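Student: one predicted model, sequence on top.
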Amino acid sequence: MCIASDLAQAGAAEKLVADMAAQKVELTGLINNAGFGDRGDFSDLPLQRQLDMIQVNVTALVDLTWRLVPQLKTARDAFVINVASTAAFQAGPNMSIYYASKAFVLSFSEGLHEELKKEGVAVSALCPGATASEFAQEANMTNTLLFKAGTMTTEAVVSKALAGRHRAIVIPGLKNLLMVWLGKLSPRMITRRLAGLLQA
Ligand SMILES: NC(=O)c1ccc[n+]([C@@H]2O[C@H](COP(=O)([O-])OP(=O)(O)OC[C@H]3O[C@@H](n4cnc5c(N)ncnc54)[C@H](OP(=O)(O)O)[C@@H]3O)[C@@H](O)[C@H]2O)c1
């Protein structure tokens, strides 16, 4: 079954959950995957595009999770996978709202992981790096160093996400894992400048 929804619209999550209830959808897992980015300075990108980004990447994700967690608590081996990004681990000049939205998703998911594990619901933040999908084109990033340096396939990312769904944070791919760990060892001033260079 497929139910279409434009999550950039206020109230879309509420309607989607009502539609699911009307269709008697029984949920064991929730994957909050919808999201998009855009490359450009905050002050140059259209305000509405950036507000829509927050609505889809953050608000709809929170809204859907809050409405569906009660159902998940009654399911066996239930899980929530929130798609964050390696962008979640540092600020990203030239994509400031996108990086901040993914930092929210990571922090929110880690908190929820601890809250819900006693209720039998596994919550995981999936943090992919550059992945071959429509994302780069939508975000005007196809010519950036980040994407030219190579991408993972969506199949590989999905397989790591599902296998790791009981972990609080899943970073698929050795290159992405190394980048995140190197970032943790570096001062924030360095990591944010490097992020800016990778997507200049
Ligand atoms: N690709 C990467 O390099 C990468 C890296 C790190 C994190 N991510 C994250 O991975 C997630 C999936 O992205 P992707 O790589 O698969 O990119 P994608 O191919 O562009 O897919 C984006 C997905 O989000 C949905 N979406 C976007 N705006 C929406 C809206 N207003 N309402 C409902 N759905 C909407 C799209 O639905 P439609 O197809 O119906 O438009 C599509 O399913 C995103 O959260 C992205 O931030 C991607």
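Tutor: That came in fine, so what should we check first?
Student: secondary structure class for the residue of the chain found nearest the ligand?
Tutor: Nearest residue of the chain to the ligand (CB to the nearest ligand atom) works out as Gly35 at 2.3 Å. Any C-beta I mention is one placed from the backbone N, CA and C, and that applies to glycine too. When classified by DSSP: H, G, I helix; E, B strand; the rest coil, Gly35 comes out as coil.
Student: that one: what's it in contact with?
Tutor: Val56, Asn57, Leu61, Val83, Ser101 (CB atoms under 8 Å, 6 or more residues apart in numbering).
Student: residue contacts, the second one?
Tutor: Meaning Asn57. Going by CB under 8 Å, 6+ apart, Asn57 touches Ala34, Gly35, Phe36, Tyr98, Ser101, Lys102, Phe104, Val105.
Student: out of those residues, which one sits closest to Thr191?
Tutor: Thr191 lies nearest to Lys102 out of those, by CB to CB, at 14.0 Å.
Student: Ser133 against Thr153, yeah?
Tutor: No - using CB atoms under 8 Å, Ser133 is not in contact with Thr153; the gap is 9.2 Å.
Student: hang on, the earlier thing: of the contacts of Asn57, buried ones?
Tutor: Buried by 16 or more other CB atoms under 10 Å: Gly35, Phe36, Tyr98, Ser101, Lys102, Phe104, Val105, out of the contacts of Asn57.
Student: from the chain's centroid, how far away is the lengthiest helix in the chain?
Tutor: The longest helix of the chain (DSSP state H) is helix 96-117. Centroid separation for helix 96-117 versus its chain: 8 Å, with CA atoms, centre = their mean, to the nearest Å.
Student: mind listing the strands for this protein?
Tutor: 29-32, 78-83, 121-126, 169-170 (DSSP state E).
Student: and the pLDDT at the closest residue in space to Val170 that isn't next to it in sequence?
Tutor: Computed as CB to CB, 6 or more residues apart in numbering, the closest residue to Val170 that is not its neighbour in sequence is Gly164, at 3.8 Å. What the model reports as pLDDT for Gly164 is 98.
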